[in-house]
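Asker: take a look and give me a structure for this.
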Amino acid sequence: MRRALFKLSRRGKGGNQLTDNNPGTQPANGSDNSRSSKEEETQRNEGREVDGSLDGRETPGPFGGRVSSLTSPRHQQIKDDIHRDVIAEIDLSTVGEIDEGELQRRIRCSAEILLERKYPELPVEEWEQIVNEVINETFGLGPIEPLLNDPTITDILVNGAKHVYVERNGKLELTPYEFDNDEHVLKIIQRIVGAVGRRVDEASPMVDARLADGSRVNAIIPPLALDGPLVSIRRFGTRPLTIEDLLSYHSITPEIIQFLEACVRAKLNVVISGGTGSGKTVLLNILSGFIYHDERVATIEDAAELQLQQPHVIRMETRPPNIEGRGEVTTRDLVRNALRMRPDRIIVGECRGGEAFDMLQAMNTGHDGSLTTVHANSPRDAMMRLEMMVGMTGIDIPIWTIRRQIVSAINIVVQVSRLTGGARRIVKVSEVTGMEGDVITMQDIFQFQQTGVDENRVAHGYFATTGVSPQCLDRLHYAGQDISPAEFTARELYHTR
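Answerer: Numbering: from 1, shown residues only. Model (predicted):
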């Protein structure tokens, strides 16, 4: 009877429930419950409009509902009790024989039966929250699972058990979500890294991994993390960003898109440079969409994040050493192996070490049109970083030889930046033109000039052409990608304010 009332209340209460994905559902007009629901919905909407932060006890949730403040020790004890009993009731011999959806349904039913039998006095709101938390503890990331369902969140940052921050619209916010203790955080970390065949322990206290949707995860645990386990999740979301998204965010202009599309189709080698969180991987994903579908593309990453749309893609991922310190497969190993796999192009998710040398060799030996990213603050700094990374191979190569290899391999450098207020922009598109003596020469083709910040401290400015005509126009023409030199006449293209 209690379960029947519980299910009826879930249908009737509409947007007041955390598991309801349609916050607009309301009871029939004319009832007291309808008026109350409408008033609560209005208050929630007004709260989101006035302040989208997650710092109150009754806070807007991921789907327009509220995050309950039921975080008392008794609530945690009941959740742990139900979760423990549910796990004890699972027939482990059947886990691999049924799909996850059916297993979730069985665990939900089991949790509801246990709650009805052991805690019949609980209010419906707490009842439902506990059921959802048990599901999240069993299959998801525990208390932060609702944050993964919020498409407005780009980063989830766990600073120990009691402090969970998110980045929303370029700004950090403290959330009311908490773990029980450090052991609870460690259990979630082990679930994440175990799913992709990695490990984290005192002997190897740092790890990179990924979630099922491609989101990037970094974790570091004690003794290196002094105040408890640290987890950083870079969200990729369920839908990859598109060119239209970049245009709507004013991150790029149609003129820059036209030029970069022509460069990719003409098989120029492109390096995307930028700082942490500037959007390098997102842009790499979008540029890869310009590759023709009849080409064989090899991707190499530390944690697989790229979501290429071409039908002929071979994906490879590095592997850390095992507990005995053996079995490591580095990016450099995979780049060298990819050369034996007849790829038309090679895409390296990020060059951060000696693999830069092998990447340059690939670009110089018939694998034109390859793409990669590097951490650097400007196109000029990106060239210096490549020089330094080639030096990390331990091979004794004169600096002028390294620079000639870079000039011969790299054609275009795209600089992306995360500006004040969280705005991400393509701030420069530069061409590598050659060498003068021992100096690599470059020229800027497009640039973004910041002119200030608005009342919300969000950077604004304008995109412009520099008036320099690219030397690669002839190569673009031979590849059937004609762009008139008049397109590069010095002018302002678009102002973001």
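
Asker: which residues are in contact with the closest residue to residue 495 other than its chain neighbours?
Answerer: Using Cβ to Cβ, 6 or more residues apart in numbering and skipping the chain neighbours, the partner closest in space to residue 495 is residue 462 (4.2 Å). Any C-beta I mention is one placed from the backbone N, CA and C, and that applies to glycine too. By Cβ atoms under 8 Å, 6 or more residues apart in numbering, the contact set of residue 462 is 448-449, 451, 492-496.

Asker: ok, and the most crowded of the residues you listed?
Answerer: Counting neighbours by other Cβ atoms under 10 Å, the top entry in the contacts of residue 462 is residue 448, with 27 neighbours.

Asker: state the distance from that residue to residue 109.
Answerer: Going from residue 448 to residue 109 by Cβ to Cβ, to the nearest Å gives 55 Å.

Asker: now do the helices in the stretch 201-350 of the chain.
Answerer: Along the stretch 201-350 of the chain, counting by DSSP state H, counting those that start in this stretch, helices occupy 243-248, 254-265, 280-288, 331-338.

Asker: so which of those helices comes closest to residue 372?
Answerer: Proximity to residue 372 (Cβ to Cβ) singles out helix 280-288 among those, at 7.9 Å.

Asker: and the closest one, what does it pack onto?
Answerer: helix 243-248, helix 254-265, strand 270-274, strand 371-375, strand 412-418 (3 or more Cβ pairs under 8 Å, 6 or more residues apart in numbering; DSSP states H and E).

Asker: could you export the ones you listed as a markdown table, including mean pLDDT, distance to residue 161 and mean neighbour count?
Answerer: Output for those, formatted as a markdown table (pLDDT from 0 to 100; distance: least, Cβ to Cβ, whole Å; neighbours: other Cβ atoms under 10 Å):
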| stretch | mean pLDDT | distance to residue 161 | mean neighbour count |
| --- | --- | --- | --- |
| helix 243-248 | 89 | 35 | 14 |
| helix 254-265 | 95 | 44 | 20 |
| strand 270-274 | 96 | 32 | 26 |
| strand 371-375 | 93 | 31 | 23 |
| strand 412-418 | 95 | 29 | 23 |
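
Asker: possible to save the ones you listed as a markdown table with distance to residue 346?
Answerer: Below are these laid out as a markdown table (distance: least, Cβ to Cβ, whole Å):
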| stretch | distance to residue 346 |
| --- | --- |
| helix 243-248 | 23 |
| helix 254-265 | 14 |
| strand 270-274 | 12 |
| strand 371-375 | 8 |
| strand 412-418 | 16 |
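
Asker: so which of these comes closest to residue 386?
Answerer: Across the helices and strands packed on helix 280-288, closest to residue 386 is strand 371-375 (Cβ to Cβ), at 6.7 Å.

Asker: using PDB, list the CA coordinates for that closest one.
Answerer: Taking only C-alpha atoms (Å, rounded to 0.1, in the frame of the first residue of the first chain), the coordinates of strand 371-375 have been written out as PDB:
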ATOM      1  CA  LEU A 371      46.200  17.600 -36.100                       C
ATOM      2  CA  THR A 372      47.200  18.000 -32.500                       C
ATOM      3  CA  THR A 373      47.000  20.300 -29.500                       C
ATOM      4  CA  VAL A 374      49.700  21.800 -27.200                       C
ATOM      5  CA  HIS A 375      49.600  23.900 -24.000                       C
END
